[in-house]
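# requesting a structural model of the entry that follows:
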Amino acid sequence: MTYPAKHISISINKPADQVYRFASDPENFPKWVKFVKSIRPDTGNAWLAETDLGHIRIDFAPKNEFGVIDHLVTLPDGSTINNPMRVIENAMGSEFIFTLFWMTGRTEKEFTEDAKLVEADLQQLKQILESK
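Got it, this is the predicted structure:
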C-alpha cells in the first residue's frame with residue numbers, strides 16, 4: 001500500500017548549489033521551517049529539535065552532490081515520518097521540491113493544512129535566499 005502524495009515546489013532565483021548549502025544545513029532550519037524552534041546536533045547526521053510538538057529527532061541524508069535533503073523525523077510518540085526534499089537546477093536558478101505524504105489517520109483537512117504549512121516554509125526559504 002502507498003500513501004497519497006503531494007509534490008510541493010517553489011522556484012528560487014539562486015543557483016541550486018547555494019540553495020542546497022543553505023537548506024541542507026540543519027542549523028538553518030529554524031530560520032525557514034516555522035515548526036522548528038531550535039536545533040542541536042546529536043550523533044552522525046542526526047539532530048535534536050524543539051518544535052511545536054515537543055522534542056523530535058531529525059535524521060538527515062548525508063551531504064551529497066545530487067541536491068538530496070531527505071530526512072526522517074521521529075516524533076515524541078516514536079512515530080517516524082519520511083520527508084523527501086530535493087534541490088534541482090532550473091535554468092540560472094533552482095527548483096526546491098518537497099514530497100508530502102498523506103499519512104494514515106490524517107484527515108483531508110489536516111493534509112491540506114500540512115500542505116499549506118509546507119508552502120509557507122518554502123516561501124520563507126525563497127525570501128531568505130533571494131534577499132541575499
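
# which strand or helix spans Thr99?
If you go by DSSP states H and E, Thr99 is part of strand 93-101.

# so which elements touch that strand?
strand 5-12, helix 16-23, strand 80-83, strand 85-90, helix 108-130 (3 or more Cβ pairs under 8 Å, 6 or more residues apart in numbering; DSSP states H and E). From N, CA and C alone the C-beta is placed, and that goes for glycine too.

# residues in contact with the longest one?
Okay, so that is helix 108-130. Contact with helix 108-130 is made by 4, 6, 8-14, 18-19, 22-23, 31-35, 96, 98, 100, 102, 106, as judged by Cβ atoms under 8 Å, 6 or more residues apart in numbering.

# buried subset of those residues?
8, 10, 12, 14, 19, 22-23, 32-33, 96, 98, 100, 102 (16 or more other Cβ atoms under 10 Å).

# between the strand holding Thr99 and strand 85-90, how many degrees?
Counting by axes from the mean of the first three to the mean of the last three Cα atoms, to 10 degrees, strand 93-101 lies at 150 degrees to strand 85-90.

# just checking: what are the partner strands of strand 93-101?
strand 5-12 (antiparallel), strand 85-90 (antiparallel) (DSSP bridges).
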